[in-house]
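**Student:** Provided below for reference: sequence and predicted model.
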Amino acid sequence: MMNLNRGFILHLFSQKAFKKMKKRNYLQILIAVTLLIVSLWLITNKKSTTLEIEGGNFAIDDTLGIDKLFLANRAGQTVLLEKTGNSWVVNKKYPVRKDAIQTLLHTFKNLHIKSPVPNSARNTVIKDMAVAGVKVEIYIHKNLVKTYYVGRETPDNLGTYMLIENAPNAFIMDIPGFNGYLTPRFITSETEWRDQGIFRYSPGSISILKLENHLEPENSFEIQVYSMQKFALKNSHGQEVADANAGAVFSFLSRFQQINYESLAQLTDQKRDSILQSDPIFIFKIVDQQGKNKELKIYRKYAIPGEAVQFAEGGKRSNYDVARMYAKMSDENQILLIQNFVFDKILPSLADLRQKQKNN
């Protein structure tokens, strides 16, 4: 009996040992598979990292640190964008369009490698970039951190060819979630970079505003602002208007926050001289709270049949373009093309700024 029980017990132990060994084998297999998966991931990641090191590291995380950009093309167009405080200036002359600089900085941050350029197309793509590409230099804290070239779009219009300077590989780049190509964001025209603002006065920043109306001299006026509650409205003779409407005056001043021009006028030297030798029809003179002066002269634009709006309300023909005028700021040489519907809201009559008379 004792021998039988002993044999039975040994049999049970052998079964347990077998099961234990079986579980151990499963565990070893599981560990081996896990190690294989991890190894494959590391190899793939290493390849991706190597790809970036070999010329695909385009994106910049610290876009807030970017304070200088230089863009140039083979046609000779160059722009230098520099940041001072929170503002950007193009070619040390004009404020930069906020939408354009924000779009470009967003592009730097989100550039993504779609794929390397295939070997069969690499030489062609790189040669094309040398002819038609845009060179981009990026500076952080005034130090050059990256230089690359931006080429044309891919045949499907969903990628952009780009090349880091001195890198062996060119790449097809995109931005995740954006369907299109990126070349138009790398602007090399000073004109396209400059902010189109003429007046950018926040409420309370104007100290003196004078409007000379040469078409209707009686509607010329001057506003002196002492505070957001106190002002003086004067007529064309310099006499204070007793019945000035405070609501109308401050509403008028608030319209100077964002007055833009349409475009830079494309004129011959002869045409430009002719405009400047003519009499302006309106002159704005503004002094801000810091004592800085700005003057804007507005000139008629003659109507050229087929190229301008010639008919005013009621169908009456005009010798002048009734939709646009020319303008020139005193601190620059460019003549601007401005739209009447934009400026109509800042060309009131004196009566518009006075208390309305009640009819008995």
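**Tutor:** Great, that's in hand. The model shown is predicted, which means the values in this text are computed figures rather than measured ones.

**Student:** what stretches of the chain score poorly on pLDDT?
**Tutor:** The model of the chain has pLDDT under 70 over residues 1-56, 305-316, 357-360.

**Student:** secondary structure element holding the residue nearest the centre of it?
**Tutor:** By C-alpha atoms, centre = their mean, the chain has its centre lying nearest to residue 100, at 1.6 Å. Following DSSP states H and E, one finds residue 100 within helix 98-110.

**Student:** cool, and residue 322?
**Tutor:** Following DSSP H and E, one finds residue 322 outside all helices and strands.

**Student:** wait, it touches residue 340, no?
**Tutor:** Yes: if you go by C-beta atoms under 8 Å, residue 322 and residue 340 touch, sitting 6.7 Å apart. Where you see a C-beta, it was placed from the backbone N, CA and C, and this is true even at glycine.

**Student:** next, count neighbours for residue 137.
**Tutor:** Residues lying near residue 137 (other C-beta atoms under 10 Å) number 16.

**Student:** that older thread, compare residue 322 and residue 340 and say which one has the larger neighbour count.
**Tutor:** Taking neighbours as other C-beta under 10 Å, residue 322 and residue 340 compare with residue 322 leading, 18 against 14.

**Student:** and the more buried one, how far from residue 253?
**Tutor:** 27 Å (C-beta to C-beta, to the nearest Å).

**Student:** and for residue 239?
**Tutor:** Between residue 239 and residue 253 the computed distance is 20 Å (C-beta to C-beta).

**Student:** ok, these two, which is more surrounded?
**Tutor:** Per other C-beta under 10 Å, whichever of residue 239 and residue 253 has more neighbours is residue 253, with 20 against 9.

**Student:** next, the contact list for that one, please.
**Tutor:** Neighbour list for residue 253: 201, 203, 206, 209, 223, 225 [criterion: C-beta atoms under 8 Å, 6 or more residues apart in numbering].

**Student:** in JSON lines, list those residues along with secondary structure and distance to residue 107.
**Tutor:** Listed next are those as JSON lines, based on DSSP: H, G, I helix; E, B strand; the rest coil; distance: C-beta to C-beta, whole Å:
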{"residue": "201", "secondary structure": "coil", "distance to residue 107": "31"}
{"residue": "203", "secondary structure": "coil", "distance to residue 107": "34"}
{"residue": "206", "secondary structure": "strand", "distance to residue 107": "37"}
{"residue": "209", "secondary structure": "strand", "distance to residue 107": "40"}
{"residue": "223", "secondary structure": "strand", "distance to residue 107": "43"}
{"residue": "225", "secondary structure": "strand", "distance to residue 107": "42"}
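
**Student:** if any of those residues are buried, give me the ChimeraX selection for them.
**Tutor:** Applied in ChimeraX, the following selects the buried portion of the contacts of residue 253 according to 16 or more other C-beta atoms under 10 Å:
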select :201,206,209,223,225
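
**Student:** and of the contacts of residue 253, the nearest to residue 355?
**Tutor:** Lowest distance from residue 355 to the contacts of residue 253 (C-beta to C-beta) belongs to residue 223, with 15.4 Å.

**Student:** quick one: contacts for the closest one?
**Tutor:** Going by C-beta under 8 Å, 6+ apart, residue 223 touches 206, 208, 209, 210, 231, 232, 233, 234, 249, 252, 253.

**Student:** mind listing the residues bridging to it?
**Tutor:** Taking DSSP bridges, one finds residue 209, residue 233 as the beta-bridge partners of residue 223.

**Student:** from residue 81, how far out is it?
**Tutor:** From residue 223 to residue 81 the distance is 36 Å (C-beta to C-beta).

**Student:** likewise for residue 172?
**Tutor:** Distance from residue 172 to residue 81, counting by C-beta to C-beta: 26 Å.

**Student:** please apply the same query to residue 151.
**Tutor:** 21 Å.

**Student:** just residue 322 next, same as before
**Tutor:** Look at residue 322 and residue 81: by C-beta to C-beta, they are 38 Å apart.

**Student:** now residue 136
**Tutor:** Going from residue 136 to residue 81 by C-beta to C-beta gives 11 Å.

**Student:** of the contacts of residue 223, which is the nearest to residue 117?
**Tutor:** residue 206 (54.9 Å).

**Student:** isn't that closest one up against residue 256?
**Tutor:** Yes: taking contacts as C-beta under 8 Å, residue 206 lies within contact range of residue 256: 6.7 Å.

**Student:** where do the contact lists of the two overlap?
**Tutor:** Counting by C-beta under 8 Å, 6+ apart, the common neighbours of residue 206 and residue 256 are residue 286.
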